[in-house]
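Trainee: This is the structure alone, sequence omitted:
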Ligand code: DAT
Ligand code: MG
């Protein structure tokens, strides 16, 4: 089953949005496979966003990610990478539809509350980076009520 890496950024933690965000993924029917609260080092944030290192906003982005604790998660389910991005909304919160996390909770692109992997391949890399210890192995007993 497909997995994705989801991270609630420091503003989402500070603003008390952790419960609401987890709830949206849970209620959809996805399965939580990994979860931790941690503050990352600058070099770690730089590796996570390595693909964006040439962008003018890279420094500010890294400063933001290291500015406080984040909630790192692995969610599992059918099409969870793409559907996770849909639940999150567009990168610029002002362009995110109401009902999405960014559409409901954010205004500025540099304070957009949450990260989600953009492909199955990035999800694989990000899960390996953030969860080198591996994730939990379990299957929800609700499985047959969610999948036909
Ligand atoms: P996403 O987080 O939607 O996958 P991304 O991977 O292109 O978007 O960029 C990572 C983060 O970098 C994004 O969540 C916010 C920040 N960012 C992206 N484009 C930006 C821009 N033009 N100005 C400022 N910050 C930007
Ligand atoms: Mg991205």
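Mentor: Cool, got the structure. Quick caveat, the model's predicted, so the values are computed rather than measured. Ligands and ions are numbered 1, 2, ... in the order given.

Trainee: so where's this structure shaky on pLDDT?
Mentor: Across the chain, nothing is flagged by pLDDT under 70.

Trainee: That one: strands as residue ranges?
Mentor: For the chain, the strands defined by DSSP state E cover 3-8, 31-38, 70-76, 114-116.

Trainee: List the contacts of the first one.
Mentor: Where contact means C-beta atoms under 8 Å, 6 or more residues apart in numbering, the residues beyond strand 3-8 that reach it are 17-18, 21, 25, 33, 70-76, 80-81, 84, 88, 113-117, 122-123, 126-127, 130, 135. (Glycine included, C-beta is placed from N, CA and C.)

Trainee: Up against ligand 1, what does the protein have?
Mentor: 52, 57, 61, 91, 109-110, 112, 115, 118 (C-beta under 6 Å from any ligand atom).

Trainee: let's see it at 8 Å
Mentor: Counting by C-beta under 8 Å from any ligand atom, the chain comes close to ligand 1 at 49, 51-52, 55-57, 60-61, 85, 88, 90-92, 109-110, 112, 114-116, 118.

Trainee: List buried residues within those residues.
Mentor: 49, 61, 85, 88, 90, 112, 114-116, 118 (16 or more other C-beta atoms under 10 Å).

Trainee: which residues does the residue nearest to residue 79 when sequence neighbours are not counted contact?
Mentor: Take residue 79 and drop its neighbours on the chain: the residue closest to it by C-beta to C-beta, 6 or more residues apart in numbering is residue 2, 6.4 Å away. The neighbourhood of residue 2, defined by C-beta under 8 Å, 6+ apart, consists of 76-81, 120, 123.

Trainee: distance of residue 2 from residue 75?
Mentor: Distance of residue 2 to residue 75, computed by C-beta to C-beta, to the nearest Å: 9 Å.

Trainee: Repeat that for residue 93.
Mentor: 21 Å.
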